[in-house]
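A.B. asks: coords please:
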Amino acid sequence: MNLCMPYLSVYMLNLGLNDSRIGFIVTITLLSQIVFSFLSGPITDKIGRRWATAIFDVLGWCIPALIWWRAENFLFFLIAAIINGSNGVTANSWTCLLIEDAEKKQITRIFSLTTAFGQLSAIFAPITAILISKLTLIPAIRILFLNGFILMAVKVVVLFLTSHETEIGKMRMAETKGKNIFHLSSGYGEVIKMIFKSRGMVFSIIIAAMAWMVGTINNTFWQIIVNQKLLVPAEILPFFNVFKSLLAIIFLFFVIPKLLKGILKLPLIFAFSSYFIGQFLLIMIPAEGIVKYPLLFLSLVFDGFAIGALVMLGESLINLHLIPDERARILAIRFMFIMIATAPFGWIGGLLSEISRNLPFILNLTILITGIVITLIYYRKENDHSAEHG
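C.D. replies: Presented below is the predicted three-dimensional model:
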């Protein structure tokens with residue numbers, strides 16, 4: 001799906017949706033994720049990490065891919081957004097399936113590897129460029145969504161057949177046997193109290209929420225500002241994604257691990273600062289002249305480091321602080337809090353983009369500065385810790 005999702009906003013734009021409607025679709029997706037993330041803990045505990053991942057990968061990705069493939073207007077995208085929000089369950093179940101049987105010191109490395117493998121899909125981006133140049137954007141993206149459906153279906157089958165339920169998953173399935181999903185959801189009050197008693201968990205949720213806010217705006221409106229304001233042809237856009245993904249892999253394996261040997265405060269500040277520079281450069285790039293291309297690549301260098309760092313740090317922070325036996329419910333509440341905080345920013349970004357294509361990214365600059373300030377405040381009052389020792 002990484003081959004087609006980066007172009008969803010431009011795809012919607014070319015099918016007649018304006019910036020504010022595109023932002024509204026993003027917000028609807030996030031609101032749907034809030035509902036499903038609320039239920040994801042009980043669902044994951046009740047049916048198991050393995051089954052939850054398989055079922056909701058089909059519901060959250062395969063079915064929306066078919067709708068996007070045949071999309072004609074706003075209604076198609078609205079329906080797909082509501083269904084796509086069910087991936088809020090797999091955001092929880094997949095994380096549990098991935099790391100619950102791993103040693104604590106391996107968690108950061110596991111997230112590095114999975115993020116890197118996700119980025120590797122960008123090596124196929126030239127196929128997108130060829131399709132767009134030969135067929136124009138809409139037919140090319142339709143083909144990619146159909147391809148995405150097929151590959152996701154294969155991924156669901158392969159993962160299900162090659163994985164096994166975690167030990168904690170087996171225990172939670174036994175404990176929740178005979179109890180319905182809504183009864184299990186009633187126990188969230190104690191989990192929320194547990195989260196708010198831990199400054200580390202609260203801090204990790206705030207950091208992850210801010211990364212999601214910036215990422216939501218950037219992922220939705222980056223293609224639009226580059227294509228519509230900077231006038232970069234659609235068939236060239238895939239090569240920027242290749243560059244960004246390769247950078248993320250390089251940073252994940254060769255730069256970020258060195259930073260994680262020290263205290264987590266420094267990588268967080270570096271990540272927020274790097275993202276700020278990248279977004280600031282994007283705003284300042286002139287539309288005229290060939291200089292815009294090297295400046296775009298330069299802005300992606302800063303974005304690439306920041307994205308890789310914040311994804312890994314955000315996931316690692318929460319998993320270093322939570323109680324293993326309550327992982328599914330804590331991750332469910334954590335994801336719900338993140339979605340509640342992030343949901344308005346899709347629509348807000350769309351309204352701002354209607355006024356000026358720069359404004360969503362100016363909003364990002366404000367969020368990133370806030371992230372630096374919060375990080376500094378937290379580590380003034382809290383003994384620092386490394387990702388290796390929690």
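A.B. asks: Please name the nearest non-neighbouring residue to Asn18.
C.D. replies: The spatially closest residue to Asn18, leaving aside those adjacent along the chain, is Glu354, at 6.7 Å (Cβ to Cβ, 6 or more residues apart in numbering). Where C-beta positions appear, they are placed from N, C-alpha and C, glycine not excepted.
A.B. asks: tell me which element the one you found is part of?
C.D. replies: Applying DSSP states H and E as the criterion places Glu354 in helix 344-355.
A.B. asks: Show me which positions of that helix end up buried.
C.D. replies: Buried residues in helix 344-355, counted by 16 or more other Cβ atoms under 10 Å: 345-350, 352-353.
A.B. asks: In TSV, list those along with distance to Lys244 and pLDDT.
C.D. replies: Shown next, in TSV, are the buried residues of helix 344-355 (distance: Cβ to Cβ, whole Å; pLDDT from 0 to 100):
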residue	distance to Lys244	pLDDT
Phe345	21	94
Gly346	21	94
Trp347	25	95
Ile348	24	96
Gly349	19	96
Gly350	23	96
Leu352	23	97
Ser353	21	96
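A.B. asks: Between those residues, which sits nearest Met201?
C.D. replies: Proximity of the buried residues of helix 344-355 to Met201 (Cβ to Cβ) peaks at Phe345, which lies at 22.4 Å.
A.B. asks: How about that closest one, nearest residue that isn't a chain neighbour?
C.D. replies: Excluding the flanking residues, the one nearest Phe345 by Cβ to Cβ, 6+ apart is Met213, at 5.0 Å.
A.B. asks: quick one: that neighbour and Met339, what's the gap?
C.D. replies: For Met213, the distance to Met339 equals 11 Å [Cβ to Cβ, to the nearest Å].
A.B. asks: Phi and psi next, for the residue sitting furthest away from the middle of the chain.
C.D. replies: Here the chain reaches farthest from its C-alpha mean at Gly178, the gap being 33.9 Å by Cα atoms, centre = their mean. Per-residue torsions, Gly178: phi 90, psi 0 (degrees, to the nearest 10).
A.B. asks: re the thing from before, chain center to the helix holding Glu354, what's the gap?
C.D. replies: Remark: helix 344-355 is offset 19 Å from the chain centroid, using Cα atoms, centre = their mean, to the nearest Å.
A.B. asks: Count the residues that sit near Leu231.
C.D. replies: Counted with other Cβ atoms under 10 Å, the neighbours of Leu231 add up to 10.
A.B. asks: To which secondary structure element is Ala306 assigned?
C.D. replies: Using DSSP H and E, the element containing Ala306 is helix 292-321.
A.B. asks: ok, back up a step: any idea how many residues pack against the residue nearest to Phe345?
C.D. replies: Quick note: Met213 (other Cβ under 10 Å) scores 25 neighbours.
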